[in-house]
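Peer 1: model the structure of this input:
(chains A and B)
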2 protein chains.
Amino acid sequence: MIQVAVFGYGTVGSGVVEVIERNNSIVSANSGDKVNVKYILDLRDFPGDPYESKLVHDVQTIIDDDEVSICCETMGGVGAAYKFTKMALEKGKSVCSSNKELVAKHGAELMRVAAEHGCAYLFEASVGGGIPVLRTLTTALTAERITQIAGILNGTTNFILTRMEEDGADFDETLKKAQELGYAEKDPTADIEGHDTARKISILTDIMSGHFVDSDAVPTTGITGITKTDIAMAREAGYSIRLLGMASRNEDDSVAVRVAPFLVKKSHPLAGVCDVFNAVFVTGNMLGETMYYGKGAGKLATASAVVADVIDAARKGSSTMYSGWDETPVTAAPSSGERFRYYVRCLGAKYDDVQAQFPGGCRMGSFGGETGFVTGMMSEEEFEAGCSKLGDAVLGTIRIYD
Amino acid sequence: MIQVAVFGYGTVGSGVVEVIERNNSIVSANSGDKVNVKYILDLRDFPGDPYESKLVHDVQTIIDDDEVSICCETMGGVGAAYKFTKMALEKGKSVCSSNKELVAKHGAELMRVAAEHGCAYLFEASVGGGIPVLRTLTTALTAERITQIAGILNGTTNFILTRMEEDGADFDETLKKAQELGYAEKDPTADIEGHDTARKISILTDIMSGHFVDSDAVPTTGITGITKTDIAMAREAGYSIRLLGMASRNEDDSVAVRVAPFLVKKSHPLAGVCDVFNAVFVTGNMLGETMYYGKGAGKLATASAVVADVIDAARKGSSTMYSGWDETPVTAAPSSGERFRYYVRCLGAKYDDVQAQFPGGCRMGSFGGETGFVTGMMSEEEFEAGCSKLGDAVLGTIRIYD
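Peer 2: Purely as a prediction, here's the structure:
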């Protein structure tokens, strides 16, 4: 019998219990032994809940129970979750986590602690929910030099961008709709400002580069500045706008990382990723382009990824799937030589100034007195120098993903 | 040092050598030791080839060399490839294969032989080329009851269908173009008649069901009957036509499998898979929908998958990633209760008869004297009964993927 404890009985935690119960024959067969949820840790009581008898309020009960070999950490945050994870790992209990914040901040340390105590720290669910991208990177694309990862990693912002495009609505009203539907939090800052995406692309970059990239230091632009005019002009020209977390390998092998909205050609697979779906587009030097698509969040999809980690921990014990990364944080490398085309939105009256500043570009369309313009390929520095000369004439800019 | 032998110095075999050489530092680091190609087995000579000195003509040289721990079988066919694979496995050498025909026919047996001799038989490259779908199914979606797999598994047919749609060209001229570009063989039968897709969906079904499905017994329809009128009418109505290998789990847990063209809604991710790209769309009972996309063929993409297997074999030795399937072939279960909508192409003059036969359907468009019609949801039997009554009035039919 493989005894499991679940830390946190919220959305994902209750999903983990549900996946283990409903798919128990599959989960147990793949684990090599019967899997059973022995404890659920939560400060709250859940009177009448079918699993009420498994609830405990004190983590020590779990830590002290030698029968428990695997813990699922679905609490979130970096306080108690960090403490409890470390306690479990130090007792040789593997921990499977959906907590991107904790992984982004302390993943390297927790993997080291796990290795020191003959157990595993696994976190497939922390990036891309139900999309098995970490396992793919670490077990399948092992013969590849990964040159770029570009991910739609946040369902809330992708839902908003898709709806703005489909409905011709503006940002504020679409955000309100997303909140009504439960796709956006009451305080949506972490999603719409790109911080959630920054944490996830940082974890992907950690794995891609072997170095710990501090997600707080990732240049991050969210989607609050995107107007319905941007969406309309992009659409007319055959583009969708997507918020991408992007990690690109420089010539010197360092990895530049950023979070920003991009214009993505309609014919590109990332443009077809709509609503709350997520996708990770990975380019390798031999394999070329691959993409992994699925639900980026949601109770059961995320829980399924946590339970896949439980199965992995049960099968392999301490031989974790990740080779890990340095513990010392590095600031993500700036891009060397990366060049983009840029979309510029300006007042129609200022169009000639913009065009004069960026020769070689072309007009993209006009809506409501504003005009779109696309520059030629240029470096970040060249583009910013041009924009600073134009001052107020530039109403908005978005990179183009070519 | 991990000494590797490559069986067959054709496109994929030479790609394997190239991936191991060009990405040697990555491949070796991930394998835990330096990886070296010691032998290349081929009947031909390659005078002047940079690896000429590694060429051997007699497999026995490799079999008898205890230094060789891993063989890559990239010969194709089920004759010598089967014999050499078995010889290697019986000497405890793991074999990594790109040979879908051999896996579809003898995979279960070869996995058993590998297990008996403490080595691994791996074949990620046999399905979907560079798309790591076998590893995803067997190591990542382990908490899932897979309910359906629908795959675009053949680059040649997907190229032809995409080009017919983009260029408005007919089948014969597009096939010729594909042959000129090297995307179709001189004898394209195995691709265009769906046999290649049947082998690949059979392997996926073997893994999904745990039973050996004989690919020769899979109901298979290719794309030779698709006309440019079909494509045009589908396009007008918002569909693309894709050749899908489809495995669907029945209520009783058996798996029905078929290969056929389908009308796929433009908004579905499979419709966005164009030209020689492949994708596998997997639905799980917890995870919902996921998709894995990449190059389905091509020298380096396929070779990268073979080398990922080499790394896996080097890392884990006999603990193969597949749990295997029964050796006794079963005929794939017929579908129980599966229902489709059907697209019917008929002479315009016969439209009223078709409509009368399938009440509840609707018109889809008209091109060049032919008219398209879409039925309501119905079983295969109901649809076939209706068609047989219509006789010659029905010019073509295609299922709709809803």
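Peer 1: ok, A:A29 to A:I311 distance?
Peer 2: The gap separating A:A29 from A:I311 is 10 Å, by C-beta to C-beta, to the nearest Å. C-beta: built from backbone N, CA, C; applies to glycine.
Peer 1: the more surrounded of the two?
Peer 2: Between A:A29 and A:I311, counted using other C-beta atoms under 10 Å in any protein chain shown, the more crowded position is A:I311 (24 against 16).
Peer 1: contacting residues for that one?
Peer 2: Contact analysis of A:I311 by C-beta atoms under 8 Å, 6 or more residues apart in numbering or on different chains lists A:V27, A:N30, A:S31, A:V35, B:T142, B:A143.
Peer 1: adding pLDDT, secondary structure and distance to B:G376, write these out as a markdown table.
Peer 2: Below are the contacts of A:I311 laid out as a markdown table (pLDDT from 0 to 100; DSSP: H, G, I helix; E, B strand; the rest coil; distance: C-beta to C-beta, whole Å):
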| residue | pLDDT | secondary structure | distance to B:G376 |
| --- | --- | --- | --- |
| A:V27 | 97 | helix | 39 |
| A:N30 | 93 | helix | 40 |
| A:S31 | 94 | helix | 44 |
| A:V35 | 98 | strand | 43 |
| B:T142 | 93 | coil | 38 |
| B:A143 | 95 | coil | 36 |
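Peer 1: closest one of these to A:P188?
Peer 2: B:A143 (30.0 Å; C-beta to C-beta).
Peer 1: wait, that closest one sits on A:V16?
Peer 2: No: B:A143 is not in contact with A:V16 according to C-beta atoms under 8 Å; the separation is 9.4 Å.
Peer 1: find residues that contact each of those two.
Peer 2: By C-beta under 8 Å, 6+ apart, the residues touching both B:A143 and A:V16 are A:V307.
Peer 1: now do the contacts for A:T147.
Peer 2: Applying C-beta under 8 Å, 6+ apart to A:T147 gives the contacts A:S248, A:R249, A:T283, A:G284, A:N285.
Peer 1: mind running it again at 10 Å?
Peer 2: Counting by C-beta atoms under 10 Å, 6 or more residues apart in numbering or on different chains, A:T147 makes contact with A:M208, A:A247, A:S248, A:R249, A:N250, A:V255, A:V282, A:T283, A:G284, A:N285, A:L287, A:G288.
Peer 1: do the same with A:V35
Peer 2: So A:V35 contacts A:1-4, A:20-21, A:23-24, A:26-29, A:70, A:307, A:310-311, A:314, B:143 (C-beta under 10 Å, 6+ apart).
Peer 1: quick revisit: can you list residues touching both of A:A29 and A:I311?
Peer 2: A:V35, B:T142.
Peer 1: straight-line length of stretch A:30-45, end to end?
Peer 2: End-to-end distance for stretch A:30-45: 32 Å, by C-alpha to C-alpha, to the nearest Å.
Peer 1: for the strand or helix carrying A:V17, give the mean pLDDT please.
Peer 2: Using DSSP states H and E, A:V17 sits in helix A:11-22. For helix A:11-22, mean pLDDT is 97.
Peer 1: other SSEs contacting it?
Peer 2: Applying 3 or more C-beta pairs under 10 Å, 6 or more residues apart in numbering or on different chains; DSSP states H and E, we find helix A:11-22 packed against strand A:2-7, helix A:24-31, strand A:35-41, strand A:68-73, helix A:299-316.
Peer 1: can you pull the contacts of A:E381?
Peer 2: Here A:E381 is in contact with no residue (C-beta under 10 Å, 6+ apart).
Peer 1: residues in a beta bridge with A:L55, which ones?
Peer 2: A:I40 (DSSP bridges).
Peer 1: and for A:V68?
Peer 2: Under the criterion used (DSSP bridges), A:V68 bridges to A:Q3.
Peer 1: so it sits against A:Q60, correct?
Peer 2: No: taking contacts as C-beta atoms under 10 Å, A:V68 lies outside contact range of A:Q60: 11.9 Å.
Peer 1: looking at those two now, which is surrounded by more residues?
Peer 2: A:V68 (19 against 10).
Peer 1: now the residue in the stretch 301-402 of chain A that chain B sits nearest to: how far from B:S14?
Peer 2: Of all residues in the stretch 301-402 of chain A, A:V307 sits closest to chain B, at 3.7 Å by C-beta to the nearest C-beta. Computed with C-beta to C-beta, the distance linking A:V307 and B:S14 is 41 Å.
Peer 1: which residue of those two possesses the greater neighbour count?
Peer 2: A:V307 (32 against 21).
Peer 1: ok, now which ones touch A:D172?
Peer 2: A:T224.
Peer 1: how about the strand or helix carrying it: buried residues?
Peer 2: Using DSSP H and E, A:D172 maps to helix A:171-180. For helix A:171-180, the neighbour count (16 or more other C-beta atoms under 10 Å in any protein chain shown) marks A:F171, A:T174, A:L175, A:K177, A:A178 as buried.
Peer 1: pLDDT added to these, as JSON lines?
Peer 2: Listed next are those as JSON lines, based on pLDDT from 0 to 100:
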{"residue": "A:F171", "pLDDT": "97"}
{"residue": "A:T174", "pLDDT": "97"}
{"residue": "A:L175", "pLDDT": "97"}
{"residue": "A:K177", "pLDDT": "95"}
{"residue": "A:A178", "pLDDT": "94"}
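Peer 1: how about JSON lines for the residues you listed, with distance to chain B added?
Peer 2: Putting the buried residues of helix A:171-180 into JSON lines (distance: C-beta to the nearest C-beta, whole Å) gives the following:
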{"residue": "A:F171", "distance to chain B": "23"}
{"residue": "A:T174", "distance to chain B": "19"}
{"residue": "A:L175", "distance to chain B": "23"}
{"residue": "A:K177", "distance to chain B": "20"}
{"residue": "A:A178", "distance to chain B": "19"}
